[in-house]
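Colleague: build me a model from this:
(chains A and B)
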2 protein chains.
Amino acid sequence: MSHSHPLHRSSHESQASEIYYSAENSVPIMSMPNPYGPNPSDFLSNVGKFEVIESTLREGEQFANAFFSTEKKIEIAKALDDFGVDYIELTSPVASEQSRKDCEAICKLGLKAKILTHIRCHMDDARVAVETGVDGVDVVIGTSQFLRQYSHGKDMNYIAQSAIEVIEFVKSKGIEIRFSSEDSFRSDIVDLLNIYRTVDKIGVNRVGIADTVGCANPRQVYELVKTLKSVVTCDIECHFHNDTGCAIANAYTALEAGAKLIDVSVLGIGERNGITPLGALMARMITADRDYVLSKYKLHKLRDLENLVADAVQVNIPFNNPITGFCAFTHKAGIHAKAILANPSTYEILNPSDFGLTRYIHFANRLTGWNAIKSRVDQLNLNLTDEQCKEVTAKIKLLGDVRQLNIDDVDSIIKDFHAELGTPALKPVLGDRDVSEEPISKKQKST
Amino acid sequence: MSHSHPLHRSSHESQASEIYYSAENSVPIMSMPNPYGPNPSDFLSNVGKFEVIESTLREGEQFANAFFSTEKKIEIAKALDDFGVDYIELTSPVASEQSRKDCEAICKLGLKAKILTHIRCHMDDARVAVETGVDGVDVVIGTSQFLRQYSHGKDMNYIAQSAIEVIEFVKSKGIEIRFSSEDSFRSDIVDLLNIYRTVDKIGVNRVGIADTVGCANPRQVYELVKTLKSVVTCDIECHFHNDTGCAIANAYTALEAGAKLIDVSVLGIGERNGITPLGALMARMITADRDYVLSKYKLHKLRDLENLVADAVQVNIPFNNPITGFCAFTHKAGIHAKAILANPSTYEILNPSDFGLTRYIHFANRLTGWNAIKSRVDQLNLNLTDEQCKEVTAKIKLLGDVRQLNIDDVDSIIKDFHAELGTPALKPVLGDRDVSEEPISKKQKST
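Modeller: Presented below is the predicted three-dimensional model:
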């Protein structure tokens, strides 16, 4: 009976209270159409050809805890480049003298990613930016009534005139230029479309929409992007804050509507609780177009990249982070464990091996089921019938009602039960290797 | 000059490197139409009349780290009830003997919230469930090809027959009944609508849609809910996993399409990286209908509720959590700080005082601007002109380029600058109270 299950080949590598499958044993999703792929009715969709503007070194520097030394900026820029991001956006060179020097230093690294810097829509800033060696300049100005009244105090005519002057200047230097509004969703739609059409006509590479206050919702995003797409011929870039938890969904919906580029940062760090996180966007996009994502981005480097940035800004990886959260691929309830054992695609679209990670089945708890326990019995190389597995599962659930279990508890119950039956093991048992492992809760907290 | 700014009344309560405003000083959003309100074209929208099914004690118990004692379950149930959730969902009473006893104990508490338990679509489970004293039973069965093949092995006819038997039995006991499919977005749409119409006709209270694998996207959700809404007359409940970071946006979009109830858990805890979090949903919904949310839910208890559950399952509040993440209301870049000082609505739709929280402006860093520094000068009760504030800001940015700053650094620079000018303070200075505070990075990590 042991090893009869096709998924159990590497089960002897099990650690702690989990059942482990090596990557090559993952069963691919069956050959049925992917219900999570691009919507065929979205003719302008860029879901399968999106690009990423990575802003950990700009938006991320606005995160409360962020202070990046020059060395750390270079380390992060190289890691982002290695991951495969399309653009790296840097803090404005006029923010401080060191910001300017760092911008120049990163431009000289010779990275594959294009280097951008992000400035106010003002010639003073533009003149400094174009001298840093960047491949492009991202210009932003507040267009909402709020920002026009309380931030810069300018009207739309003034904004348009400044934009034209800055854009033509940057273009004259032969580098890319993006014009973005700020707080776009609280801006007057006619004003917005007007200025976007103006800057499109004078030849910007991209226009940007920004949900600066983090309150837009997906269908609102879809409508605005789709409308803008009918007005401009250049690419559309989107920037979403995450105050109401929609930054990932908004990014996806923007791509469906025809946006091409999404601003992200590692772990989403930025002003307040941040923007669309790079890792979560990868999770989102791989469900829609796995081949495209795998062809461009080194997903197995995601965890290292996140750890690098988390250490730099002194935060922990959130327990519930998509992909790299400690339990993102942990299955617990008996009914889930049973189905995952039969076919991982039942409860998992994301394949952990795409990210260099593994799947776990948590069986040492009162919600466990006999299929998960039977699988553990097989791992221990013991010989129990299905009925006997159900019986020992009942004993495990009894103890699980009293306290939190770890693998020692479960294995002891199984081994005692087996010993009482007097049935010989099929092969020499594995010894106590597994038993020496830490319980799952301790192991997981350390990751 | 000091105290001349209308927002500065309680500035002397400032702590660490932030400028603090008491709740009553928050400027309300101006009287313009809310662009984040319900979409007028959604005739069936329940954005302004949604209900919450709180599943920390069911879905949340499936979180890897969760083991709730009876006492802890009761403490959490009471806190949820006090917060104002509409329903509390509990683990199936057949999961274990203690699960059954705990279910009975919570039913006897006499809470305002209705108590539900969640079972498989099977008479064995239903017979136990109806004896626990619950107000309703949530029935679920896998309807996708994956789950039908690898989980229960039943066809749609069998599913329909079981559903009818269980539903009629539960209804005969005079309690609520919900029928939900599992993995709804990978289920055949005709099968799905067929079974929903069948159970609607025999009188279920609610039908449920579940994105069990956490891969649905908002427009897909909108379409499915809208279609289902045209087929059934009962309420629609939705359950979204968060594997690809869309659980909050999907919940909102489902309500737009006519769903009425959303499954949530505190911090989103559940299988893998969990489901729609209660707190984030509150952030999402308050931007759409503030009056409704404030009339039903005690938002100022959110932080305590999250801390209670985080402690129980041994996790930290994610640094980027909406509302309660340590920096959710912290503003850093100079341009943001300037506008926030003039009107908080410029960069903030969510009002921190709605949640019993406060806003911070982080000024001790190289991205700071002279408006933020001027505000700090006022707090220190010193007398500097705007030009002088710009000059001292340049000095602060210089040091901010060299290392991470704290309030001591900034205050010292300001005080030295002021002393060199020889200008007397407007009033007796405050002494060194602020200077003795910890720097922001340490303070924040401890929350």
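Colleague: C-alpha only now, for contacts and for neighbours.
Modeller: OK.
Colleague: would you list every one of the helices in the stretch 101-250 of chain A?
Modeller: A:123-129, A:145-150, A:156-172, A:189-201, A:218-229, A:247-257 (DSSP state H, counting those that start in this stretch).
Colleague: and the second one, what other elements does it pack with?
Modeller: Of the remaining helices and strands, those touching helix A:145-150 by 3 or more Cα pairs under 8 Å, 6 or more residues apart in numbering or on different chains; DSSP states H and E are helix B:334-342.
Colleague: the helix it packs on vs chain A: in contact?
Modeller: Yes - contact between helix B:334-342 and chain A is present through B:I335, B:K338, B:A339, B:A342 (criterion: Cα under 8 Å from any Cα of the partner chain).
Colleague: touching, the third one and A:Q149? I think so.
Modeller: No - contact criterion Cα atoms under 8 Å: B:A339 and A:Q149 do not qualify, at 9.1 Å.
Colleague: for the two, work out which one has more neighbours and name it.
Modeller: B:A339 (22 against 17; other Cα atoms under 10 Å in any protein chain shown).
Colleague: residues touching the more buried one, list them.
Modeller: Contacts for B:A339 were tallied using Cα atoms under 8 Å, 6 or more residues apart in numbering or on different chains; they are A:L147, A:Y150, A:S151, B:T346, B:Y347.
Colleague: show the pLDDT at A:I29.
Modeller: In this prediction, A:I29 carries a pLDDT score of 40.
Colleague: sorry, that was for A:V435
Modeller: 32.
Colleague: endpoints of stretch A:398-406, how far apart?
Modeller: End-to-end distance for stretch A:398-406: 14 Å, by Cα to Cα, to the nearest Å.
Colleague: now A:K49: phi and psi?
Modeller: phi -150, psi 40 (degrees, to the nearest 10).
Colleague: follow-up on the earlier one: which of the helices of the stretch 101-250 of chain A comes out lowest on mean pLDDT?
Modeller: Among the helices of the stretch 101-250 of chain A, helix A:145-150 carries the lowest mean pLDDT (a mean of 76).
Colleague: residues from the stretch 301-447 of chain A in reach of chain B?
Modeller: A:315-323, A:325, A:327-333, A:335, A:338-339, A:342-343, A:345-349, A:362, A:366-367, A:397-398, A:401, A:403-404, A:441.
Colleague: which residues of chain A score low on pLDDT?
Modeller: A:1-32, A:423-447 (pLDDT under 70).
Colleague: give me the domain ranges for it.
Modeller: Split into domains by the TED database, chain A comes to A:42-313, A:330-422.
Colleague: any chance of those in TSV with distance to B:I202 as columns?
Modeller: Formatted as TSV, the domains of chain A follow (distance: least, Cα to Cα, whole Å):
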stretch	distance to B:I202
domain A:42-313	34
domain A:330-422	27
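Colleague: which one of those lies nearest to B:A288?
Modeller: Ranking the domains of chain A by distance to B:A288, with Cα to Cα as the measure, places domain A:42-313 first at 9.0 Å.
Colleague: chain center to that closest one: distance?
Modeller: Put simply, domain A:42-313 sits 16 Å off its chain's centre (Cα atoms, centre = their mean, to the nearest Å).
Colleague: before we move on, what about stretch A:326-346?
Modeller: Per Cα atoms, centre = their mean, the centroid offset for stretch A:326-346 relative to its chain is 21 Å.
Colleague: quick one: name the residues of the stretch 151-300 of chain A near chain B.
Modeller: Counting by Cα under 8 Å from any Cα, the positions of the stretch 151-300 of chain A adjacent to chain B are A:151, A:185-186, A:212-213, A:215-219, A:242-246, A:248-250, A:252-253, A:268-269, A:271-274, A:280-281, A:283-284, A:287.
Colleague: of all the domains of chain A, which lies closest to B:S92?
Modeller: Short answer: domain A:330-422, nearest of the domains of chain A by Cα to Cα, at 9.4 Å.
Colleague: ends of the closest one, how far apart?
Modeller: Domain A:330-422 end-to-end distance (Cα to Cα) = 34 Å.
Colleague: what about it, distance to the chain center?
Modeller: 30 Å.
Colleague: so is A:V94 in a helix, a strand, or just coil?
Modeller: coil (DSSP: H, G, I helix; E, B strand; the rest coil).
Colleague: quick one: it and A:M123 touch, right?
Modeller: No - using Cα under 8 Å, A:V94 is not in contact with A:M123, being 11.5 Å away.
Colleague: just the helices of the stretch 101-250 of chain A: most buried one?
Modeller: helix A:247-257 (a mean of 29; mean count of other Cα atoms under 10 Å in any protein chain shown).
Colleague: let me see the contact set for the spatially closest residue to A:D42 that is not a sequence neighbour.
Modeller: Distances taken as Cα to Cα, 6 or more residues apart in numbering or on different chains put A:E256 closest to A:D42, at 6.2 Å, once the chain neighbours are dropped. Neighbour list for A:E256: A:P38, A:N39, A:D42, A:L44, A:S45, A:N46, A:V47, A:Y222 [criterion: Cα under 8 Å, 6+ apart].
Colleague: contacts only, for the last one.
Modeller: Contact partners of A:Y222, counting by Cα under 8 Å, 6+ apart, are A:T253, A:A254, A:E256, A:A257.
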